[in-house]
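> below are the sequence and a predicted model for it; my questions follow.
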Amino acid sequence: MTIASEYTVTEGRAGFDVYLLARMDEALLSGRRTSVYNQMIEREQAIEAILEKADQAYRSNDDTGAIKQYLEAAMLSAEGPVSERKFETETLVDKAISFIESLRFSLRNQVEEEAKVTVYLRRKSRLLSPKVLNASINATFQARNSLSETYSDFLQFNTASDGYFLFIPYNQGLVKDGQIVFSLDLASTIAQLEKTLPAELVANIREAVSAISITFPYTLTSTVSGKSILSEIQEFSQEGSLGRGTQALQVFNQN
């Protein structure tokens with residue numbers, strides 16, 4: 001360390017104060033730091049870089065990208081100590097949750113008898129466009145398999161460059177009368193969080209995602225509903241022998 005400048009200030013009878021401007025070689029200073037302190041500095045620099053990407057994503061209407069960046073930063077923060085509150089895991093998670101809570105789903109052009117609907121995703125923003133682009137959305141519903149047993153299924157959609165998408169029930173086994181739940185798809189990110197963050201923080205994120213989901217009830221109606229149609233239903237056993245047809249008729253009417 002070297003003294004670059006010296007200043008003396010005299011204040012009456014109270015004496016005087018001496019101020020020194022010192023300089024030190026950065027490489028030498030870094031070498032004197034402990035490995036833990038150096039790791040903390042590197043960690044905070046990495047978090048800063050991630051947050052810059054998150055800010056860019058948000059300004060580009062990619063809110064889900066910003067959310068994932070903040071959660072990635074939270075996982076990095078959880079690896080060790082940080083020196084400022086803005087780098088703390090809880091702070092970063094809270095910021096991601098605030099982004100999630102600002103999102104709003106809305107439904108338009110609903111056709112309940114065909115289970116078709118246009119799904120919009122918007123955000124609360126006074127200065128930037130409310131559109132949320134490139135967001136991955138899960139559509140969860142109940143369907144029936146070939147044995148007429150119900151099971152939970154989902155389809156993935158994306159708001160792309162429009163901020164909305166048209167839901168069409170591509171699964172032909174969709175139950176006649178039910179509901180479709182549209183929710184933000186953060187499954188892969190949350191799976192990573194579960195390995196790093198406390199369970200309470202992960203639960204808060206799940207709760208925020210669930211809170212903004214939206215439900216679309218429907219009742220499928222055939223174009224020939226209310227009309228008589230001629231049909232022949234046959235029932236075969238797994239061995240291939242012809243059955244009485246009672247069970248097949250019951251399942252057919254059920255669907």
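Received the coordinates, thanks.
> just want the most central residue of this protein.
With distances taken as Cα atoms, centre = their mean, the chain has residue 186 as the residue nearest its mean C-alpha position (3.4 Å).
> that one and residue 72 touch, don't they?
No: the criterion here is Cβ atoms under 8 Å, and residue 186 misses it with residue 72 at 11.8 Å. Where you see a C-beta, it was placed from the backbone N, CA and C, and this is true even at glycine.
> quick check: longest helix of this structure.
Ordering each helix of the chain by length in residues (DSSP state H) puts helix 35-59 first.
> what's that helix packed up against?
Counting contacts by 3 or more Cβ pairs under 8 Å, 6 or more residues apart in numbering; DSSP states H and E, helix 35-59 is packed against helix 63-77.
> which other residues reach the helix it packs on?
In this structure, residues lying in contact with helix 63-77 by Cβ atoms under 8 Å, 6 or more residues apart in numbering are 43, 46-47, 50-51, 53-55, 57-58, 87-89, 92-93, 95-96, 99-100, 102-103, 123, 132, 134-136, 184, 186, 189, 192-193, 196-197, 201, 205.
> quick one, which of those are buried?
43, 47, 50-51, 53-54, 57-58, 87-89, 92-93, 95-96, 99-100, 103, 123, 132, 134-135, 184, 186, 189, 193, 196-197, 201, 205 (16 or more other Cβ atoms under 10 Å).
> give me the mean pLDDT for stretch 182-196.
For stretch 182-196, mean pLDDT rounds to 96.
> just the endpoints, please. Distance across that stretch?
End-to-end distance of stretch 182-196: 27 Å, with Cα to Cα, to the nearest Å as the criterion.
> pull the residues that contact the longest helix of the chain.
Contacts of helix 35-59 (Cβ under 8 Å, 6+ apart): 30, 33, 63, 65-66, 69-70, 72-73, 76-77, 79-84, 87, 92, 99, 128.
> relative to helix 63-77, how tilted is that helix?
170 degrees (axes from the mean of the first three to the mean of the last three Cα atoms, to 10 degrees).
> give the rounded mean pLDDT of helix 35-59.
93.
> what comes up buried for stretch 123-134?
123, 131-134.
> likewise for stretch 34-42?
Buried-residue list, stretch 34-42, by 16+ other Cβ under 10 Å: residue 40.
> same check, this time on stretch 66-83
Across stretch 66-83, burial judged by 16+ other Cβ under 10 Å covers 66-78, 82.
> reformat those residues as TSV; add pLDDT.
Formatted as TSV, the buried residues of stretch 66-83 follow (pLDDT from 0 to 100):
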residue	pLDDT
66	97
67	98
68	98
69	98
70	98
71	98
72	98
73	98
74	97
75	97
76	97
77	97
78	96
82	93
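> could you redo the residues you listed as JSON lines and give each row distance to residue 171?
Below are these laid out as JSON lines (distance: Cβ to Cβ, whole Å):
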{"residue": "66", "distance to residue 171": "31"}
{"residue": "67", "distance to residue 171": "28"}
{"residue": "68", "distance to residue 171": "28"}
{"residue": "69", "distance to residue 171": "33"}
{"residue": "70", "distance to residue 171": "33"}
{"residue": "71", "distance to residue 171": "30"}
{"residue": "72", "distance to residue 171": "33"}
{"residue": "73", "distance to residue 171": "37"}
{"residue": "74", "distance to residue 171": "35"}
{"residue": "75", "distance to residue 171": "34"}
{"residue": "76", "distance to residue 171": "38"}
{"residue": "77", "distance to residue 171": "40"}
{"residue": "78", "distance to residue 171": "38"}
{"residue": "82", "distance to residue 171": "46"}
